[in-house]
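K.L.:
Next come a sequence and a model predicted from it.
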Amino acid sequence: MQILKFGGTSVGSAERIKSVAKLVNYSNRKMVVLSAMSGTTDQLVKITNALFQQKPKEASHIINELEPKYRDTVDKLFTTDAFKKNGSEVITEHFNLLRSFTIDMFTHNEEKTILAEGELLSTTLFHYYLEEQKIASVLLPALNFMRIDENGEPDMEYIETHLKEELAKHPKSGLFITQGYICRNAFGQVDNLKRGGSDYTASLIGAAIKADEIQIWTDIDGMHNNDPRYVPNTFPIAELSFDEAAELAYFGAKILHPYCIRPAKKRNVPVRLLNTMKPQARGTLISRNASGDDIKAVAAKDNITVIKMQSTRMLMAYGFLRSVFEVFESYKTPIDMITTSEVAVSLTIDDTMHLDEITIELKKYGTVEVEKDQTIICVVGDFLADKHGYAGKIFDALKDIPIRMISYGGSKNNVSVLVKAEHKKDALLALNKGLFNIN
Ligand code: ADP
Ligand code: ASP
Ligand code: MG
(Lines give C-alpha, C1' and ligand atoms only; values in the text may rest on other atoms or scores of the structure.)
(Ligands and ions follow the chains in the order given, each with its own letter.)
Protein backbone atom coordinates (compact mmCIF):
# COMPACT_ATOMS: atom_id res chain seq x y z
CA MET A 1 0.00 0.00 0.00
CA GLN A 2 1.12 3.57 -0.71
CA ILE A 3 0.21 6.57 1.43
CA LEU A 4 -0.36 9.81 -0.51
CA LYS A 5 -0.71 13.01 1.47
CA PHE A 6 -1.95 16.16 -0.24
CA GLY A 7 -1.43 19.51 1.48
CA GLY A 8 -3.64 22.58 1.67
CA THR A 9 -2.64 24.14 -1.66
CA SER A 10 -3.02 20.77 -3.40
CA VAL A 11 -6.71 20.68 -2.41
CA GLY A 12 -7.15 24.48 -2.28
CA SER A 13 -9.80 24.81 -5.03
CA ALA A 14 -12.24 22.73 -7.08
CA GLU A 15 -9.66 22.60 -9.89
CA ARG A 16 -6.94 21.35 -7.55
CA ILE A 17 -9.25 18.71 -6.02
CA LYS A 18 -9.95 17.45 -9.55
CA SER A 19 -6.20 17.19 -10.25
CA VAL A 20 -5.67 15.21 -7.06
CA ALA A 21 -8.42 12.80 -8.12
CA LYS A 22 -6.54 12.24 -11.41
CA LEU A 23 -3.26 11.66 -9.57
CA VAL A 24 -4.71 9.00 -7.27
CA ASN A 25 -6.79 7.28 -9.88
CA TYR A 26 -4.45 4.59 -11.02
CA SER A 27 -3.90 0.96 -10.15
CA ASN A 28 -2.20 0.01 -6.86
CA ARG A 29 -3.77 0.09 -3.39
CA LYS A 30 -3.47 3.39 -1.64
CA MET A 31 -4.56 5.61 1.22
CA VAL A 32 -5.03 9.30 0.55
CA VAL A 33 -4.50 11.69 3.47
CA LEU A 34 -5.89 15.18 2.95
CA SER A 35 -5.25 18.50 4.67
CA ALA A 36 -7.85 21.22 4.93
CA MET A 37 -8.22 23.50 1.88
CA SER A 38 -5.51 26.18 2.07
CA GLY A 39 -6.25 29.04 4.44
CA THR A 40 -9.06 27.17 6.22
CA THR A 41 -7.15 26.17 9.37
CA ASP A 42 -5.83 29.75 9.70
CA GLN A 43 -9.44 30.99 9.62
CA LEU A 44 -10.56 28.34 12.11
CA VAL A 45 -7.76 29.45 14.45
CA LYS A 46 -9.04 33.04 14.14
CA ILE A 47 -12.56 31.86 14.98
CA THR A 48 -11.36 30.07 18.13
CA ASN A 49 -9.28 33.12 19.17
CA ALA A 50 -12.33 35.35 18.81
CA LEU A 51 -14.42 32.93 20.87
CA PHE A 52 -11.76 32.71 23.60
CA GLN A 53 -11.90 36.50 23.76
CA GLN A 54 -15.70 36.29 24.04
CA LYS A 55 -16.23 38.07 20.75
CA PRO A 56 -18.95 35.89 19.13
CA LYS A 57 -19.81 38.56 16.54
CA GLU A 58 -16.26 38.60 15.28
CA ALA A 59 -16.29 34.77 15.14
CA SER A 60 -19.57 34.83 13.16
CA HIS A 61 -18.07 37.34 10.76
CA ILE A 62 -15.10 35.03 9.99
CA ILE A 63 -17.46 32.06 9.59
CA ASN A 64 -19.57 34.11 7.13
CA GLU A 65 -16.42 34.99 5.19
CA LEU A 66 -15.28 31.36 4.97
CA GLU A 67 -18.56 29.79 3.88
CA PRO A 68 -18.77 31.26 0.32
CA LYS A 69 -15.40 29.67 -0.53
CA TYR A 70 -16.94 26.27 0.20
CA ARG A 71 -20.21 27.04 -1.59
CA ASP A 72 -18.19 28.10 -4.63
CA THR A 73 -16.04 24.93 -4.45
CA VAL A 74 -19.14 22.72 -4.37
CA ASP A 75 -20.58 24.61 -7.32
CA LYS A 76 -17.45 24.16 -9.43
CA LEU A 77 -16.54 20.66 -8.27
CA PHE A 78 -19.74 18.74 -9.01
CA THR A 79 -21.58 18.48 -12.31
CA THR A 80 -24.78 16.67 -11.40
CA ASP A 81 -27.61 18.21 -9.40
CA ALA A 82 -27.66 15.26 -7.04
CA PHE A 83 -24.02 15.73 -6.03
CA LYS A 84 -24.30 19.53 -5.92
CA LYS A 85 -27.11 18.93 -3.41
CA ASN A 86 -25.03 16.42 -1.39
CA GLY A 87 -22.09 18.84 -1.34
CA SER A 88 -24.30 21.73 -0.35
CA GLU A 89 -25.81 19.73 2.54
CA VAL A 90 -22.34 18.89 3.83
CA ILE A 91 -21.39 22.58 3.86
CA THR A 92 -24.62 23.52 5.65
CA GLU A 93 -24.11 20.83 8.28
CA HIS A 94 -20.48 21.84 9.03
CA PHE A 95 -21.15 25.58 9.05
CA ASN A 96 -24.17 25.07 11.31
CA LEU A 97 -21.86 23.28 13.71
CA LEU A 98 -19.33 26.15 13.56
CA ARG A 99 -22.12 28.66 14.23
CA SER A 100 -23.38 26.68 17.22
CA PHE A 101 -20.12 27.52 19.04
CA THR A 102 -20.85 31.24 18.79
CA ILE A 103 -23.89 30.70 21.02
CA ASP A 104 -22.81 27.91 23.39
CA MET A 105 -20.09 27.67 26.00
CA PHE A 106 -16.56 27.66 24.62
CA THR A 107 -13.60 25.72 26.11
CA HIS A 108 -10.44 24.02 24.85
CA ASN A 109 -12.49 20.97 23.86
CA GLU A 110 -14.68 23.01 21.54
CA GLU A 111 -11.54 24.70 20.17
CA LYS A 112 -10.18 21.35 18.96
CA THR A 113 -13.54 20.41 17.47
CA ILE A 114 -13.57 23.64 15.46
CA LEU A 115 -9.98 23.11 14.25
CA ALA A 116 -10.94 19.63 12.99
CA GLU A 117 -13.59 21.01 10.63
CA GLY A 118 -11.20 21.82 7.76
CA GLU A 119 -10.01 18.26 7.24
CA LEU A 120 -13.51 16.84 7.76
CA LEU A 121 -14.82 19.13 5.00
CA SER A 122 -12.04 18.51 2.47
CA THR A 123 -12.18 14.71 2.80
CA THR A 124 -15.97 14.55 2.57
CA LEU A 125 -16.01 16.73 -0.56
CA PHE A 126 -13.20 14.68 -2.13
CA HIS A 127 -15.01 11.43 -1.34
CA TYR A 128 -18.20 12.73 -2.96
CA TYR A 129 -16.25 13.91 -5.98
CA LEU A 130 -14.73 10.45 -6.50
CA GLU A 131 -18.19 8.97 -6.13
CA GLU A 132 -19.55 11.31 -8.79
CA GLN A 133 -16.65 10.29 -11.04
CA LYS A 134 -17.56 6.63 -10.36
CA ILE A 135 -14.23 5.95 -8.66
CA ALA A 136 -14.82 3.58 -5.73
CA SER A 137 -13.28 4.73 -2.46
CA VAL A 138 -13.74 4.35 1.30
CA LEU A 139 -13.67 7.30 3.69
CA LEU A 140 -11.97 6.17 6.92
CA PRO A 141 -12.57 8.54 9.86
CA ALA A 142 -9.16 9.42 11.34
CA LEU A 143 -10.91 9.96 14.68
CA ASN A 144 -11.51 6.17 14.80
CA PHE A 145 -7.81 5.26 14.80
CA MET A 146 -5.47 8.28 15.16
CA ARG A 147 -4.66 8.89 18.81
CA ILE A 148 -2.17 10.67 21.06
CA ASP A 149 -1.34 9.64 24.63
CA GLU A 150 -1.36 11.72 27.82
CA ASN A 151 2.03 13.22 26.84
CA GLY A 152 0.71 14.28 23.45
CA GLU A 153 2.81 11.61 21.70
CA PRO A 154 1.27 9.32 19.06
CA ASP A 155 -0.03 6.11 20.64
CA MET A 156 1.50 3.78 18.06
CA GLU A 157 0.00 0.58 19.43
CA TYR A 158 -3.53 2.04 19.44
CA ILE A 159 -3.10 3.51 15.96
CA GLU A 160 -1.81 0.27 14.50
CA THR A 161 -4.54 -1.93 16.04
CA HIS A 162 -7.43 0.38 15.20
CA LEU A 163 -6.25 1.29 11.71
CA LYS A 164 -5.84 -2.37 10.83
CA GLU A 165 -9.34 -3.04 12.19
CA GLU A 166 -10.76 -0.26 10.01
CA LEU A 167 -8.94 -1.55 6.91
CA ALA A 168 -10.03 -5.13 7.58
CA LYS A 169 -13.67 -4.01 7.20
CA HIS A 170 -12.96 -3.30 3.51
CA PRO A 171 -10.73 -6.13 2.24
CA LYS A 172 -11.65 -5.56 -1.40
CA SER A 173 -11.20 -1.80 -1.49
CA GLY A 174 -8.20 -0.29 -3.20
CA LEU A 175 -8.62 3.38 -2.39
CA PHE A 176 -8.99 4.85 1.09
CA ILE A 177 -9.32 8.49 2.11
CA THR A 178 -8.69 9.91 5.55
CA GLN A 179 -8.17 13.21 7.36
CA GLY A 180 -4.69 14.48 8.14
CA TYR A 181 -3.93 16.46 11.30
CA ILE A 182 -6.89 15.40 13.44
CA CYS A 183 -6.85 12.75 16.15
CA ARG A 184 -8.25 11.93 19.58
CA ASN A 185 -6.35 12.41 22.82
CA ALA A 186 -5.91 10.00 25.74
CA PHE A 187 -9.39 10.96 27.02
CA GLY A 188 -11.03 10.27 23.67
CA GLN A 189 -11.61 13.96 22.93
CA VAL A 190 -11.01 15.48 19.50
CA ASP A 191 -7.46 16.84 19.27
CA ASN A 192 -4.79 17.44 16.62
CA LEU A 193 -1.14 16.82 15.75
CA LYS A 194 -0.33 20.56 15.72
CA ARG A 195 -0.07 22.85 12.70
CA GLY A 196 1.22 21.14 9.57
CA GLY A 197 0.29 17.81 11.17
CA SER A 198 -1.10 16.09 8.08
CA ASP A 199 2.44 15.08 7.11
CA TYR A 200 2.73 13.44 10.52
CA THR A 201 -0.59 11.60 9.98
CA ALA A 202 0.71 10.20 6.67
CA SER A 203 3.93 9.04 8.26
CA LEU A 204 2.16 7.49 11.26
CA ILE A 205 -0.19 5.59 8.93
CA GLY A 206 2.70 4.53 6.70
CA ALA A 207 4.59 3.21 9.72
CA ALA A 208 1.54 1.54 11.29
CA ILE A 209 0.81 -0.57 8.23
CA LYS A 210 4.42 -0.72 7.02
CA ALA A 211 3.46 0.87 3.70
CA ASP A 212 5.63 0.58 0.58
CA GLU A 213 6.06 4.34 0.36
CA ILE A 214 4.77 7.58 1.88
CA GLN A 215 4.31 10.36 -0.66
CA ILE A 216 3.99 13.95 0.53
CA TRP A 217 2.44 15.91 -2.34
CA THR A 218 2.80 19.67 -1.98
CA ASP A 219 3.33 22.89 -3.94
CA ILE A 220 7.08 22.57 -4.55
CA ASP A 221 9.26 19.98 -6.30
CA GLY A 222 10.86 18.46 -3.19
CA MET A 223 13.12 19.53 -0.36
CA HIS A 224 15.24 22.47 -1.51
CA ASN A 225 18.79 23.23 -0.42
CA ASN A 226 17.64 26.41 1.35
CA ASP A 227 14.41 28.10 2.40
CA PRO A 228 12.72 29.28 -0.84
CA ARG A 229 10.62 31.79 1.13
CA TYR A 230 13.74 33.82 1.94
CA VAL A 231 16.35 32.82 -0.62
CA PRO A 232 16.03 33.08 -4.42
CA ASN A 233 17.67 30.41 -6.59
CA THR A 234 17.30 27.33 -4.43
CA PHE A 235 17.26 23.85 -5.95
CA PRO A 236 15.62 20.49 -5.11
CA ILE A 237 17.69 17.74 -3.51
CA ALA A 238 17.20 14.33 -5.15
CA GLU A 239 17.98 12.17 -2.12
CA LEU A 240 18.25 12.56 1.64
CA SER A 241 18.75 10.10 4.46
CA PHE A 242 16.05 9.84 7.16
CA ASP A 243 18.38 11.55 9.62
CA GLU A 244 19.14 14.46 7.30
CA ALA A 245 15.46 14.99 6.49
CA ALA A 246 14.50 14.72 10.17
CA GLU A 247 17.01 17.44 11.12
CA LEU A 248 15.76 19.72 8.33
CA ALA A 249 12.14 19.19 9.33
CA TYR A 250 12.86 19.79 13.01
CA PHE A 251 14.93 22.88 12.30
CA GLY A 252 12.37 24.70 10.20
CA ALA A 253 12.07 23.30 6.65
CA LYS A 254 8.31 23.91 6.52
CA ILE A 255 7.74 21.36 3.76
CA LEU A 256 7.70 18.68 6.49
CA HIS A 257 6.10 18.64 9.95
CA PRO A 258 8.93 18.71 12.54
CA TYR A 259 8.41 15.09 13.71
CA CYS A 260 7.04 13.44 10.59
CA ILE A 261 10.20 11.58 9.59
CA ARG A 262 10.46 9.69 12.90
CA PRO A 263 7.74 7.04 12.36
CA ALA A 264 8.83 6.44 8.74
CA LYS A 265 12.43 5.98 9.83
CA LYS A 266 11.46 3.61 12.63
CA ARG A 267 9.74 1.26 10.20
CA ASN A 268 12.06 2.01 7.29
CA VAL A 269 9.31 3.29 4.98
CA PRO A 270 10.71 5.59 2.25
CA VAL A 271 9.21 9.07 2.01
CA ARG A 272 8.95 10.85 -1.35
CA LEU A 273 8.28 14.58 -1.63
CA LEU A 274 6.40 15.45 -4.82
CA ASN A 275 4.84 18.47 -6.49
CA THR A 276 1.09 18.40 -7.28
CA MET A 277 1.53 21.23 -9.78
CA LYS A 278 4.40 19.39 -11.53
CA PRO A 279 3.76 15.66 -11.01
CA GLN A 280 6.49 14.61 -13.44
CA ALA A 281 9.25 16.33 -11.41
CA ARG A 282 11.57 13.90 -9.63
CA GLY A 283 11.13 15.39 -6.14
CA THR A 284 13.09 14.14 -3.14
CA LEU A 285 13.46 10.55 -1.97
CA ILE A 286 14.07 10.15 1.76
CA SER A 287 15.29 6.72 2.75
CA ARG A 288 17.68 4.76 4.90
CA ASN A 289 20.45 5.23 2.34
CA ALA A 290 22.99 7.89 3.12
CA SER A 291 23.77 9.81 -0.04
CA GLY A 292 27.43 10.75 0.33
CA ASP A 293 29.25 12.94 2.84
CA ASP A 294 28.30 16.37 1.73
CA ILE A 295 26.50 19.53 2.78
CA LYS A 296 22.89 19.07 1.63
CA ALA A 297 20.74 21.91 2.86
CA VAL A 298 20.15 24.80 5.22
CA ALA A 299 17.05 25.51 7.31
CA ALA A 300 16.05 28.07 9.92
CA LYS A 301 13.90 27.73 13.02
CA ASP A 302 12.30 30.96 14.28
CA ASN A 303 10.95 32.18 17.61
CA ILE A 304 13.81 30.76 19.62
CA THR A 305 14.45 31.95 23.16
CA VAL A 306 17.93 31.73 24.65
CA ILE A 307 18.40 31.26 28.39
CA LYS A 308 21.83 32.04 29.80
CA MET A 309 22.72 30.88 33.30
CA GLN A 310 25.70 31.34 35.52
CA SER A 311 26.00 29.13 38.58
CA THR A 312 26.52 31.00 41.83
CA ARG A 313 27.59 27.89 43.72
CA MET A 314 30.97 27.20 42.14
CA LEU A 315 31.70 24.09 44.24
CA MET A 316 28.58 22.37 42.97
CA ALA A 317 29.73 22.57 39.36
CA TYR A 318 29.31 18.84 38.75
CA GLY A 319 25.67 18.84 39.84
CA PHE A 320 24.78 22.11 38.13
CA LEU A 321 23.87 20.79 34.69
CA ARG A 322 21.77 17.98 36.12
CA SER A 323 19.76 20.47 38.19
CA VAL A 324 19.26 22.67 35.14
CA PHE A 325 18.05 19.79 32.94
CA GLU A 326 15.66 18.59 35.62
CA VAL A 327 13.88 21.94 35.55
CA PHE A 328 13.26 21.65 31.79
CA GLU A 329 12.22 18.03 32.16
CA SER A 330 9.66 18.85 34.83
CA TYR A 331 8.02 21.38 32.48
CA LYS A 332 8.28 19.02 29.45
CA THR A 333 10.17 21.70 27.56
CA PRO A 334 12.66 20.42 24.98
CA ILE A 335 16.06 22.08 24.68
CA ASP A 336 17.34 22.56 21.12
CA MET A 337 20.88 23.91 21.48
CA ILE A 338 23.23 23.96 24.41
CA THR A 339 26.73 25.32 25.09
CA THR A 340 28.55 25.14 28.40
CA SER A 341 31.61 26.44 30.16
CA GLU A 342 32.77 25.44 33.62
CA VAL A 343 29.92 27.09 35.52
CA ALA A 344 27.82 28.72 32.85
CA VAL A 345 25.36 27.30 30.39
CA SER A 346 23.38 28.78 27.51
CA LEU A 347 20.50 26.87 26.04
CA THR A 348 17.65 27.49 23.63
CA ILE A 349 13.99 26.54 23.64
CA ASP A 350 11.15 27.24 21.23
CA ASP A 351 8.26 26.27 23.51
CA THR A 352 7.92 29.20 25.92
CA MET A 353 4.65 28.08 27.52
CA HIS A 354 6.37 27.57 30.91
CA LEU A 355 9.16 30.13 30.51
CA ASP A 356 8.17 32.13 33.59
CA GLU A 357 8.06 29.09 35.87
CA ILE A 358 11.31 27.73 34.39
CA THR A 359 13.06 31.07 34.98
CA ILE A 360 11.92 31.19 38.62
CA GLU A 361 13.17 27.64 39.24
CA LEU A 362 16.51 28.25 37.50
CA LYS A 363 17.15 31.34 39.62
CA LYS A 364 17.60 28.98 42.59
CA TYR A 365 20.90 27.87 41.04
CA GLY A 366 22.35 31.09 39.69
CA THR A 367 21.77 34.20 37.66
CA VAL A 368 19.46 33.88 34.64
CA GLU A 369 19.18 36.03 31.51
CA VAL A 370 16.47 35.45 28.90
CA GLU A 371 16.53 36.78 25.33
CA LYS A 372 13.76 36.23 22.79
CA ASP A 373 13.62 36.66 18.97
CA GLN A 374 16.49 34.38 18.08
CA THR A 375 16.79 32.02 15.11
CA ILE A 376 18.62 28.72 14.80
CA ILE A 377 20.31 28.31 11.44
CA CYS A 378 20.94 24.67 10.80
CA VAL A 379 23.26 23.24 8.14
CA VAL A 380 22.46 19.63 7.34
CA GLY A 381 24.49 16.97 5.60
CA ASP A 382 26.62 13.96 6.30
CA PHE A 383 29.56 15.21 8.35
CA LEU A 384 30.82 11.82 9.52
CA ALA A 385 34.47 12.74 9.14
CA ASP A 386 35.39 16.37 9.01
CA LYS A 387 38.09 15.66 6.49
CA HIS A 388 36.80 18.21 4.04
CA GLY A 389 36.75 21.07 6.52
CA TYR A 390 32.99 21.59 6.54
CA ALA A 391 33.09 23.64 9.74
CA GLY A 392 35.63 26.00 8.17
CA LYS A 393 33.43 26.42 5.09
CA ILE A 394 30.33 27.16 7.16
CA PHE A 395 31.98 29.72 9.41
CA ASP A 396 33.77 31.34 6.51
CA ALA A 397 30.40 31.81 4.78
CA LEU A 398 29.01 33.35 7.98
CA LYS A 399 31.99 35.60 8.71
CA ASP A 400 29.94 38.82 8.54
CA ILE A 401 27.01 37.53 10.65
CA PRO A 402 27.11 37.96 14.45
CA ILE A 403 26.81 34.43 15.90
CA ARG A 404 25.46 33.91 19.44
CA MET A 405 25.96 30.17 19.89
CA ILE A 406 27.47 27.27 17.94
CA SER A 407 26.60 23.59 18.11
CA TYR A 408 28.93 21.23 16.27
CA GLY A 409 29.56 17.55 16.86
CA GLY A 410 26.28 16.75 18.63
CA SER A 411 25.00 14.98 15.55
CA LYS A 412 26.87 13.87 12.45
CA ASN A 413 24.15 15.45 10.35
CA ASN A 414 23.84 18.92 11.77
CA VAL A 415 25.85 22.05 12.48
CA SER A 416 23.72 24.77 14.11
CA VAL A 417 24.33 28.39 14.93
CA LEU A 418 22.14 30.83 16.82
CA VAL A 419 21.69 34.34 15.44
CA LYS A 420 19.33 37.19 16.25
CA ALA A 421 16.17 36.92 14.13
CA GLU A 422 17.09 40.13 12.30
CA HIS A 423 20.17 38.37 10.83
CA LYS A 424 18.30 35.28 9.64
CA LYS A 425 17.83 36.25 6.01
CA ASP A 426 21.42 37.46 5.61
CA ALA A 427 22.69 34.25 7.17
CA LEU A 428 20.62 32.09 4.77
CA LEU A 429 21.80 34.13 1.78
CA ALA A 430 25.43 34.00 2.92
CA LEU A 431 25.22 30.20 3.26
CA ASN A 432 23.65 29.85 -0.20
CA LYS A 433 26.62 31.70 -1.63
CA GLY A 434 29.34 30.18 0.57
CA LEU A 435 28.17 26.55 0.55
CA PHE A 436 26.34 26.19 -2.75
CA ASN A 437 27.99 28.91 -4.78
CA ILE A 438 24.67 30.57 -5.64
CA ASN A 439 24.08 34.30 -5.42
P1 ADP B 1 1.39 21.84 2.41
O2 ADP B 1 0.23 22.77 2.57
O3 ADP B 1 1.34 21.05 1.15
O4 ADP B 1 1.63 21.00 3.63
P5 ADP B 1 3.50 23.62 3.24
O6 ADP B 1 3.23 25.06 2.98
O7 ADP B 1 3.31 23.12 4.62
O8 ADP B 1 2.65 22.77 2.20
O9 ADP B 1 4.99 23.25 2.79
C10 ADP B 1 5.47 23.60 1.51
C11 ADP B 1 6.23 24.90 1.58
O12 ADP B 1 7.39 24.74 2.41
C13 ADP B 1 6.81 25.37 0.28
O14 ADP B 1 5.87 26.06 -0.49
C15 ADP B 1 7.99 26.23 0.71
O16 ADP B 1 7.68 27.59 0.69
C17 ADP B 1 8.23 25.84 2.16
N18 ADP B 1 9.62 25.44 2.43
C19 ADP B 1 10.39 25.90 3.46
N20 ADP B 1 11.61 25.36 3.42
C21 ADP B 1 11.64 24.53 2.36
C22 ADP B 1 12.65 23.70 1.78
N23 ADP B 1 13.86 23.58 2.31
N24 ADP B 1 12.33 23.02 0.66
C25 ADP B 1 11.11 23.10 0.11
N26 ADP B 1 10.11 23.87 0.60
C27 ADP B 1 10.38 24.57 1.72
N1 ASP C 1 -4.70 21.91 8.13
C2 ASP C 1 -3.63 21.81 9.10
C3 ASP C 1 -2.81 23.10 9.12
O4 ASP C 1 -3.07 23.99 8.33
C5 ASP C 1 -2.76 20.61 8.93
C6 ASP C 1 -1.92 20.58 7.67
O7 ASP C 1 -2.18 21.33 6.73
O8 ASP C 1 -1.00 19.76 7.61
O9 ASP C 1 -1.94 23.22 9.94
MG1 MG D 1 2.49 21.43 5.48
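P.N.:
Everything's here; your move. Ligands and ions are numbered 1, 2, ... in the order given.
K.L.:
Which stretches in the stretch 301-439 of the chain count as strands?
P.N.:
338-340, 344-349, 366-381, 405-411, 414-420 (DSSP state E, counting those that start in this stretch).
K.L.:
Give me the neighbour count for the residue lying closest to Ile376 once chain neighbours are set aside.
P.N.:
Spatial nearest neighbour of Ile376, excluding adjacent residues (C-beta to C-beta, 6 or more residues apart in numbering): Lys301 at 4.5 Å. All C-beta spots, glycine's among them, are computed from the backbone N, C-alpha and C. Lys301: 22 surrounding residues under other C-beta atoms under 10 Å.
K.L.:
which residues does Lys301 contact?
P.N.:
250-252, 336, 350, 375-376, 378 (C-beta atoms under 8 Å, 6 or more residues apart in numbering).
K.L.:
among the strands of the stretch 301-439 of the chain, which gets the worst mean confidence?
P.N.:
Least confident of the strands of the stretch 301-439 of the chain, judged by mean pLDDT, is strand 405-411 with a mean of 89.
K.L.:
what comes into contact with it?
P.N.:
243, 247, 306, 337-339, 346, 348, 391, 414-418.
K.L.:
and the gap between the residue of the stretch 301-439 of the chain found nearest ligand 3 and Gln53?
P.N.:
Here the stretch 301-439 of the chain gets closest to ligand 3 at one residue, Lys301, 15.3 Å apart by C-beta to the ion. Per C-beta to C-beta, to the nearest Å, Lys301 is found 29 Å from Gln53.
K.L.:
Repeat that for Gly39.
P.N.:
Relative to Gln53, and taking C-beta to C-beta, Gly39 is found at 21 Å.
K.L.:
Ok, Asn414 next?
P.N.:
40 Å.
K.L.:
more neighbours, the two?
P.N.:
Asn414 (23 against 11).
K.L.:
Would you check that Asn151 makes contact with Lys332?
P.N.:
Yes: contact criterion C-beta atoms under 8 Å: Asn151 and Lys332 qualify, at 7.3 Å.
K.L.:
Just want to know which of these two has more residues nearby.
P.N.:
Per other C-beta under 10 Å, whichever of Asn151 and Lys332 has more neighbours is Lys332, with 11 against 8.
K.L.:
The helix ranked longest in the chain: how far from the chain's middle?
P.N.:
Using DSSP state H to define each element, the chain has its longest helix at helix 56-77. Relative to the chain's own centre, helix 56-77 is displaced by 26 Å; criterion: C-alpha atoms, centre = their mean, to the nearest Å.
K.L.:
I'd assumed Glu247 was in contact with Lys265.
P.N.:
No: counting by C-beta under 8 Å, Lys265 stays clear of Glu247, with 11.6 Å between them.
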